[in-house]
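Student: Structure, please.
(chains A and B, ligands or ions: 2)
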Amino acid sequence: MKSSIVEPLPMDDDIIIEHLYKSFGKVKALIDANLRVKRGEVCFIFGPSGGGKSTLLRCINHLEAPDSGRIIVDGIPVTHAKTNIDLVRAEVGMVFQLFNLFPHLTVLGNVTLAQEKVRKRSRGEAERVARELLERVGIPEKANAYPGQLSGGQKQRVAIARALAMNPKIMLFDEPTSALDAEMIKEVLDVMMDLAQEGMTMVVVSHEMGFAKAAADRMVFLDAGQIVEEETPEELFKNPKEERTKQFLSQILY
Amino acid sequence: MAVSREIERPQPKLVPWTRKLEDMPWWGLIVLLAFLLVVYLIYTSATYQDAYRFLVAGVKVTILVTLISFSIAIVLGLIAGLGRVSKNVIFYTGASVYVEVVRGIPLLVQIIYFAYVVAPLLVQIVNSLGAFMLQYTAIQPLMGLAHTLTNLHIQDVDVTARAIAGLAFGYGAYEAEVFRAGIQSIERGQMEAARSLGMSYFQAMRYIILPQAIRRVLPPLGNDFIAMLKDSSLISVLAVRELTHLGKLNRARTFRTFETWNTVTFLYLIMTISLSLVVKFIERRMAFEE
Ligand SMILES: Nc1ncnc2c1ncn2[C@@H]1O[C@H](COP(=O)(O)OP(=O)(O)OP(=O)(O)O)[C@@H](O)[C@H]1O
Ligand SMILES: [Mg+2]
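Tutor: Ligands and ions are numbered 1, 2, ... in the order given. Next up, the predicted model:
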């Protein structure tokens, strides 16, 4: 790992975000965002559309470069110019709303490619890991299918397996069930639930309040680029402190 | 974005036979008849037969020159195309200058320019390199090489090679735009997914973006190959013995203008039409796969 850690860090924080700002032209997507995610914690981020949820998540693995502020992931300063970002990304899995599977590769190819090219595992080793993970997400029989032949729920489970194959320390989920039909949402949430129970550090952007209740350690309400409120699910659902949180919750929980 | 619901399989469709008739390339039938006529003439008329025998060597040169030039053009185009989508300022600027400048010059002028300006210039550079080595090299085995370099003359550089260089350089700029469009047609999420797995930009290009982009640009590449086959007639100005040049020679030899150019045209059409059928086949297969 990199040795360029700026200062000693509390050992139990996997993700530290400090004073993060990001704008796209005139749009201020993030305004002074601060967040800490402990090891093994499930952090649930929710809020209205355009609030900056995706931007915050994408800053964590540097798919988006913040304007200012500091992000430290697993002890590595992501925002530091000298950091080899590919090393960080290999430790941080990401699952996208629209799956983003590689359509020209089979399911097995999707799950093995980065193992071989980034983790430098042998073909055999990579395939063994891939088959194990496909078993775990419940679609071992689809190993040789192409993404185009899968249902949405199956695609998203392959995407999760693809990310897990890198043995990441942290998993980021950006609305993983928003593009799915109702009957497929559960199969994806089940896999995520398993992960949470196994102690994976997770940051989940989602509207699935059921999942938040069941799995989240903390809920973060993000609106207009600002973190408005941060609470445990019990507290947040019972008595949200901020007016904006109340309003938003009343809109989505009828 | 559309949400895929169930496994989608192409459904066999019942097409009324009248629709099938509409799909038939009727123009092809007319062309075929004309072909048969020329083939008949070649078989029966001594003049046509003579022209055909003389010209067939040109077909070989035309095909060979096109194959080599196009291969080089594809490599140039791929590199310049990658430059056009690159965030590296130098790479991007270099590629853009190449593409914009080359596309602004008539291909014929480029071919002449390469043959009579660039090639002699390169020879001069090689000459001075040899002279430089003669002055400063103490290593014996390099002396022979230095002498060869010094004595290289522009006449030693095959005119066909110069023609190929001109064609390839010119077409490379067009292929660069084909590759750029192909790369940019791949959804942004593909690059992001690859990068999020820890792949470098280069790895993501190599294993994720390019394999998909290249499949998409196969039809335009095929069409450009056909276009280059036709444009290779331009190198007849350098007296490369390809089909068009042999046409000129045959006319001068026999004074049979009519038969000569009929045969030349016929030979070009055979090549281009059969190639365009191949391209159409590839297009159909890809449309089916998508
Ligand atoms: N690449 C970009 N270019 C320009 N503007 C962007 C870009 N990405 C995000 N934005 C803008 O930044 C703001 C925050 O976007 P973001 O995608 O983070 O919101 P979100 O909370 O994820 O919303 P959603 O629920 O719709 O996904 C929005 O106003 C959006 O239009
Ligand atoms: Mg979003």
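Student: Moving C-terminal from the strand or helix carrying B:P219, which element do we reach first?
Tutor: If you go by DSSP states H and E, B:P219 is part of helix B:210-231. As assigned by DSSP H and E, the chain's next helix or strand after helix B:210-231 is helix B:243-254.
Student: Student question: in chain B, what's the helix or strand with minimum average pLDDT?
Tutor: Lowest by mean pLDDT, DSSP states H and E among the helices and strands of chain B is helix B:17-23, with a mean of 61.
Student: And the contacts of whichever helix or strand comes after that one?
Tutor: The C-terminal neighbour of helix B:17-23 among helices and strands, as given by DSSP H and E, is helix B:26-44. For helix B:26-44, contacts defined as C-beta atoms under 8 Å, 6 or more residues apart in numbering or on different chains pick out B:48-49, B:52, B:262-263, B:266, B:269-270, B:273. Quick note: C-beta positions are derived from backbone N, CA and C, even for glycine.
Student: between the residues you listed, which has the most around it?
Tutor: Neighbour counts for the contacts of helix B:26-44, by other C-beta atoms under 10 Å in any protein chain shown, peak at B:T263, which reaches 27 neighbours.
Student: Am I right that that residue sits in a helix?
Tutor: Yes - counting by DSSP: H, G, I helix; E, B strand; the rest coil, one finds B:T263 located in a helix.
Student: okay, now the closest residue to it other than its chain neighbours: neighbour count?
Tutor: Nearest non-adjacent residue to B:T263, counting by C-beta to C-beta, 6 or more residues apart in numbering or on different chains: B:A51, 4.5 Å away. Using other C-beta under 10 Å, B:A51 has 29 neighbouring residues.
Student: right, and B:A51 touches B:R256 too?
Tutor: Yes - counting by C-beta atoms under 8 Å, B:A51 does reach B:R256; the two are 6.6 Å apart.
Student: what touches both of the two?
Tutor: Contacts common to B:A51 and B:R256, judged by C-beta under 8 Å, 6+ apart, are B:N250.
Student: Quick check: which element contains whichever residue of chain A sits closest to chain B?
Tutor: At 3.2 Å from chain B, A:A90 is the closest residue in chain A, using C-beta to the nearest C-beta. A:A90 belongs to helix A:85-91 when assigned by DSSP H and E.
Student: what helices or strands is that helix leaning on?
Tutor: helix B:188-196 (3 or more C-beta pairs under 8 Å, 6 or more residues apart in numbering or on different chains; DSSP states H and E).
Student: is it true that A:L35 lies in a helix?
Tutor: No - counting by three-state DSSP, A:L35 is not found in a helix; it is strand.
Student: Who does it form a beta bridge with?
Tutor: A:I17 (DSSP bridges).
Student: Now do the same contact list for A:L56.
Tutor: A:L56 makes contacts with A:17, A:20, A:30, A:33, A:35, A:45, A:222, as judged by C-beta under 8 Å, 6+ apart.
Student: what's the spacing between B:L243 and ligand 1?
Tutor: Separation of B:L243 from ligand 1 (C-beta to the nearest ligand atom, to the nearest Å) stands at 52 Å.
Student: Ok, B:T263 next?
Tutor: 59 Å.
Student: who are the neighbours in contact with that residue?
Tutor: By C-beta under 8 Å, 6+ apart, the neighbours of B:T263 are B:38, B:42, B:48, B:51-52, B:55, B:247.
Student: Repeat the analysis, applying 7 Å as the threshold.
Tutor: Shown here is B:T263, whose contacts under the criterion C-beta atoms under 7 Å, 6 or more residues apart in numbering or on different chains are B:48, B:51-52, B:55.
Student: Next: A:Y146.
Tutor: A:Y146 neighbours (C-beta under 7 Å, 6+ apart): A:103, A:106.
Student: So what's the residue count around the closest residue to A:S54 other than its chain neighbours?
Tutor: Using C-beta to C-beta, 6+ apart and skipping residues adjacent in sequence, the residue nearest A:S54 is A:D174, 5.5 Å away. Here the count is done by other C-beta under 10 Å, and A:D174 has 21 residues near it.
Student: Run through the bridge partners of A:D174.
Tutor: Bridge pairing for A:D174 - DSSP bridges - gives A:V205.
Student: Same check on A:S23?
Tutor: A:K28.
Student: Just give me the neighbour total for it.
Tutor: Neighbours around A:S23, by other C-beta under 10 Å: 14.
Student: go on, A:C59?
Tutor: 23.
Student: and what of B:V39?
Tutor: 14.
Student: can you check B:S232 too?
Tutor: 26.
Student: Is A:K241 in a helix, a strand, or coil?
Tutor: The three-state label given to A:K241 by three-state DSSP is coil.
Student: what do you get for A:K82?
Tutor: coil.
Student: Show the pLDDT at it.
Tutor: Note for A:K82: predicted pLDDT of 86.
Student: So it versus A:R89, what's the distance?
Tutor: According to C-beta to C-beta, to the nearest Å, A:K82 and A:R89 sit 16 Å apart.
Student: ok, the two, which is more surrounded?
Tutor: Using other C-beta under 10 Å, the more surrounded residue of A:K82 and A:R89 is A:R89, with 27 against 7.
Student: Quick check: phi and psi on the residue lying closest to the more buried one once chain neighbours are set aside?
Tutor: Spatial nearest neighbour of A:R89, excluding adjacent residues (C-beta to C-beta, 6+ apart): B:G198 at 4.4 Å. Dihedral angles of B:G198 (phi, psi; degrees, to the nearest 10) stand at phi 100, psi 0.
Student: show me where pLDDT drops low in chain B?
Tutor: Counting by pLDDT under 70, the ranges of chain B that qualify are B:1-25, B:137-138, B:140, B:289-290.
Student: Tell me the residues of the stretch 101-250 of chain A that contact ligand 1?
Tutor: Within the stretch 101-250 of chain A, no position lies close to ligand 1 (C-beta under 6 Å from any ligand atom).
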